[in-house]
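*Asks:* fold the following for me, if possible:
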Amino acid sequence: MGWDTLETKFARFGDGLSVSEDAVIEGYASLFGETDQGGDVVGKGAYARSLAVEGKRIKMLWQHDPAQPIGVWDEVREDDRGLWVKGRLLDSTQKGREAAALIAAGALDGLSIGYRTKRAVKNDKGQRLLTELELWEVSVVTFPMLPSARVAAKGHSLEAEDSLRELAAVLSGARLELARR
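*Replies:* Numbers count the residues shown, from 1 in each chain. Presented below is the predicted three-dimensional model:
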């Protein structure tokens, strides 16, 4: 089996983010329990066996092209939320420089995983529940398939962003309530 048999899933960068000077990006390449636009749901622990393989390095590619590595993932792990990645875009590659510039400009905002399905079942909604995946790569891409997953440039905290969004929603709700009175 070669690269042509890999499946892909997309995630989304946060809005309005830039790349740090050392081009470090981090965030979620996949979120557990969320239905993507292809109707698939990744289950908790789906990546565990693949990530446990001794010495395995997950590749950082440009648009899923195995001939165009653009950086390195220094950390790839599962947590309660999903598949979290942290890595560096390499300015020694043309596409790495391009990716950094496009992210900084807000023109590029996606991540996508390349994997092989090892185990999957249909859930009661007829969706494919992916329970074991062999992860090969995480790419920087143009179009996201899972809009709720994202990556941030170094210095941006996803938890802080989430907290600010929650606060904004509460304040917005309070303003609507006051306007009704």
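*Asks:* bridging residues for residue 77?
*Replies:* residue 84 (DSSP bridges).
*Asks:* that one: neighbour count?
*Replies:* By other Cβ atoms under 10 Å, the residues close to residue 77 number 11. Any C-beta I mention is one placed from the backbone N, CA and C, and that applies to glycine too.
*Asks:* residue 57 too?
*Replies:* By other Cβ under 10 Å, 11 other residues sit near residue 57.
*Asks:* local confidence estimate at it?
*Replies:* Reading off the confidence values, residue 57 has pLDDT 94.
*Asks:* now do the contacts for it.
*Replies:* Counting by Cβ atoms under 8 Å, 6 or more residues apart in numbering, residue 57 makes contact with 72-73.
*Asks:* wait, a helix at it?
*Replies:* No. Residue state for residue 57 (DSSP: H, G, I helix; E, B strand; the rest coil) corresponds to coil; a helix is not indicated.
*Asks:* can you report how many residues neighbour residue 49?
*Replies:* Residue crowding around residue 49 was assessed by other Cβ under 10 Å; the count is 14.
*Asks:* enumerate every residue touching it.
*Replies:* With contacts defined as Cβ under 8 Å, 6+ apart, residue 49 is in contact with 118, 132.
*Asks:* low-confidence ranges, this structure, go.
*Replies:* When the per-residue scores of the chain are filtered using pLDDT under 70, the ranges that remain are 1-22, 144-181.
*Asks:* switch to 90 and redo it
*Replies:* Counting by pLDDT under 90, the chain shows low-confidence ranges at 1-28, 36-38, 63-64, 100-112, 123, 125, 140-181.
*Asks:* and the strands in it?
*Replies:* If you assign secondary structure with DSSP state E, the strands in the chain sit at 7-12, 24-31, 40-42, 59-62, 65-78, 82-89, 110-122, 128-141, 151-153.
*Asks:* cool, thanks, signing off.
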